[in-house]
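Chemist: what follows is a predicted protein model with its sequence.
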There are 2 protein chains.
Amino acid sequence: MSGPRVVAISGGVGGAKLALGFYRVLPPDSLAVIVNTGDDFTHLGLHVSPDVDTLLYTLGGLANPDLGWGRKEETWAFMRALAHLGGDTWFRLGDADLALHVERTRRLARGESLSQVTAAVARRFEIAAEVLPMSDDAVRTRVSTDAGVLDFQEYFVGRQCRPVVNALNFDGAAQARPGSGIVTALSSPEIEAIVICPSNPYLSIAPILALPGLVELLRRSKAPVIAVSPLVGGQAVKGPTAKIMAEMEIPVSPESVVRHYQGVIDGFVLDERDAAAAGAIEGCGVPVRIADTLMNTLRDKERLAETCLAFAAGWAPA
Amino acid sequence: MSGPRVVAISGGVGGAKLALGFYRVLPPDSLAVIVNTGDDFTHLGLHVSPDVDTLLYTLGGLANPDLGWGRKEETWAFMRALAHLGGDTWFRLGDADLALHVERTRRLARGESLSQVTAAVARRFEIAAEVLPMSDDAVRTRVSTDAGVLDFQEYFVGRQCRPVVNALNFDGAAQARPGSGIVTALSSPEIEAIVICPSNPYLSIAPILALPGLVELLRRSKAPVIAVSPLVGGQAVKGPTAKIMAEMEIPVSPESVVRHYQGVIDGFVLDERDAAAAGAIEGCGVPVRIADTLMNTLRDKERLAETCLAFAAGWAPA
């Protein structure tokens, strides 16, 4: 019996970068990634699963390097024709990307679970890592803002994160079960580290941790749980993390992220630009590793993955 | 009050050619086309309406001149990506064509009728003619063959018409109502001709004539009903008309087509290559007009439309 050496917990782009780092520094079948599905939604009658897709495209070598979402070498004939028909064009779906949404929707309609469909697609993309949707039950992130309660994609894509956020809710999370492969992955006899990727803690990681029993599974694992800071120089690399923190009156600092994860994590990888925060974090009882967490090149991703592995290897259960 | 001067009754390609001829020789708002929906089916979760699409693309100037279906200047990134995912690829959907199926499916799901969706698309394509699906209720053509009972597209595309046909059934036709604009179009005060286009009489026109009340509406119209022969030199120009006739033990001849339409039509346009059949057809009490019915060029289509109009103008009610 074997199993993954690393279980990564991820939202979209930022998390996928680090997951790719692990995928490249470990043997190919040694990684499992638990992926947020709170951003999933039905668009044009199709089940779109943005963070799962980002992981599949990134690990499958198909990701669009310029957009940060969707597929490389994408074409847009469908969107142009849809615009001509007066259809909804605020959420862009490329011609090849569309195949994934159509095929997933068809399989879900005939009774397959999101986990099954995702595993089948991963096999087709020749991905040896496990890509595990956080749940096969519907969890939907709703954003309470000064413009009312918005579905996540309406907030994120439709309104480009402009409304001021005052609360986040994960509809369905309290009733959702973790996806079928998650318990097995977290019980892997080979497990060395559970890594919370530098995705948005409040939008992308919180829905995963909100699943009943999930935090308990992390606590019971024999491997340390390590979070990688989503802030670099006190700012988010991409996306609205810092903006949302400020709007929810959370000080925009790595300490706030550590406090958010307190009771779940055993260590924190802090960006070197924020090294001044190390003392305060260690004061919370959370060991810190300082590193360059910016992941521009493939080598950056591999190096950060190696840092996480070395950090975990030095960890001794209390 | 006004209304169409010509109501055409059409299947796919062959019918669309003549409809385009009428559309060009008449003022733009003087044509209504009643279109077969027996070939409609759900594919990849999408409502595909092949004959309606052919009419929309043909009258909208968007038809693919080489394939005889789909859109011109089409691309196939979706199909390639779907094949990569192991999806169903036996029925090909181009990237731009797909937008029509996705948008139609979305609108049907929110309660619009096929007639409403088709009218909206026609407006978007700047088509001044009325494109009228024969019914908003589901009618599905089933082909009984030596390989079992097949859905139409499974027979036509999936098996490329190879199985031997022994019967055709139009499931749902007996309960279906003619589409909302049809009664109005057929009651047009301006009506000069009702033209059964040279589509397959058994596969494409029969489902329309099978709708309760439709034949009676044609009989009651003040305009003559004229059928254009789907046979040229005793053979179908395209498609399985002659093959199916032979398999159903119907002599492959224009007389057989006239007998099939007997009681409905007031006149028959016979191809000049089959002029020898004129006597037998007139012997059935159906006046004949001999013409070149091959429609290769746009001018051919216009000329055949003009022939039908002249034929109808010379008709005097019995």
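Modeler: On my side now, so go ahead.
Chemist: run a quick neighbour tally on A:Gly87.
Modeler: Applying other CB atoms under 10 Å in any protein chain shown, we find 19 residues neighbouring A:Gly87. Where C-beta positions appear, they are placed from N, C-alpha and C, glycine not excepted.
Chemist: over to A:Ile9?
Modeler: Other residues lying near A:Ile9 total 28 when counted by other CB under 10 Å.
Chemist: tell me the mean pLDDT for the helix or strand containing it?
Modeler: In the assignment (DSSP states H and E), A:Ile9 maps to strand A:6-10. Mean pLDDT, strand A:6-10: 98.
Chemist: dump the following helix or strand past it to PDB, restricted to CA.
Modeler: Following strand A:6-10 in sequence order, the next helix or strand is helix A:13-25 (DSSP H and E). Below are the C-alpha coordinates for helix A:13-25, written out as PDB (Å, rounded to 0.1, in the frame of the first residue of the first chain):
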ATOM      1  CA  VAL A  13      -3.800  30.100  -9.700                       C
ATOM      2  CA  GLY A  14      -1.500  30.700  -6.700                       C
ATOM      3  CA  GLY A  15      -2.200  27.300  -5.300                       C
ATOM      4  CA  ALA A  16      -1.700  25.600  -8.600                       C
ATOM      5  CA  LYS A  17       1.700  27.100  -9.000                       C
ATOM      6  CA  LEU A  18       2.900  25.500  -5.800                       C
ATOM      7  CA  ALA A  19       1.200  22.200  -6.600                       C
ATOM      8  CA  LEU A  20       3.100  22.200  -9.900                       C
ATOM      9  CA  GLY A  21       6.300  22.700  -7.900                       C
ATOM     10  CA  PHE A  22       5.500  19.600  -5.700                       C
ATOM     11  CA  TYR A  23       4.500  17.600  -8.800                       C
ATOM     12  CA  ARG A  24       7.900  18.300 -10.300                       C
ATOM     13  CA  VAL A  25      10.100  17.700  -7.300                       C
END
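Chemist: list the buried residues for helix A:13-25?
Modeler: Neighbour-count burial for helix A:13-25 flags A:13-25 (criterion: 16 or more other CB atoms under 10 Å in any protein chain shown).
Chemist: for A:Lys75, helix, strand, or coil?
Modeler: For residue A:75 the amino acid is Thr, not Lys. coil (DSSP: H, G, I helix; E, B strand; the rest coil).
Chemist: that one: how many residues sit nearby?
Modeler: A:Thr75 is flanked by 17 other residues according to other CB under 10 Å.
Chemist: equivalent analysis for A:Met134, please.
Modeler: 31.
Chemist: excluding its backbone neighbours, what's nearest it?
Modeler: A:Ile208 (4.6 Å; CB to CB, 6 or more residues apart in numbering or on different chains).
Chemist: what average pLDDT does stretch A:231-240 get?
Modeler: In the prediction, stretch A:231-240 has an average pLDDT of 87.
Chemist: how far out from the middle of the chain is it?
Modeler: Distance, stretch centre to chain centre, for stretch A:231-240: 15 Å (CA atoms, centre = their mean, to the nearest Å).
Chemist: quick one: contacts of it?
Modeler: With contact meaning CB atoms under 8 Å, 6 or more residues apart in numbering or on different chains, stretch A:231-240 is reached by A:13-14, A:68, A:156, A:161, A:165, A:198, A:200, A:203, A:230, A:241-243, A:252-254, A:257, A:271, A:273-274, A:293-294.
Chemist: show me the contact partners of the strand or helix carrying A:His47.
Modeler: Using DSSP H and E, A:His47 sits in strand A:46-48. Contact partners of strand A:46-48, identified using CB under 8 Å, 6+ apart, comprise A:40-42, A:91, A:93, A:98, A:101-102, A:104-105, A:108, A:114, A:153, B:102.
Chemist: quick one: the strands in the stretch 101-250 of chain A?
Modeler: For the stretch 101-250 of chain A, the strands defined by DSSP state E, counting those that start in this stretch occupy A:130-133, A:140-145, A:148-151, A:165-171, A:193-196, A:225-228, A:231-232, A:235-236.
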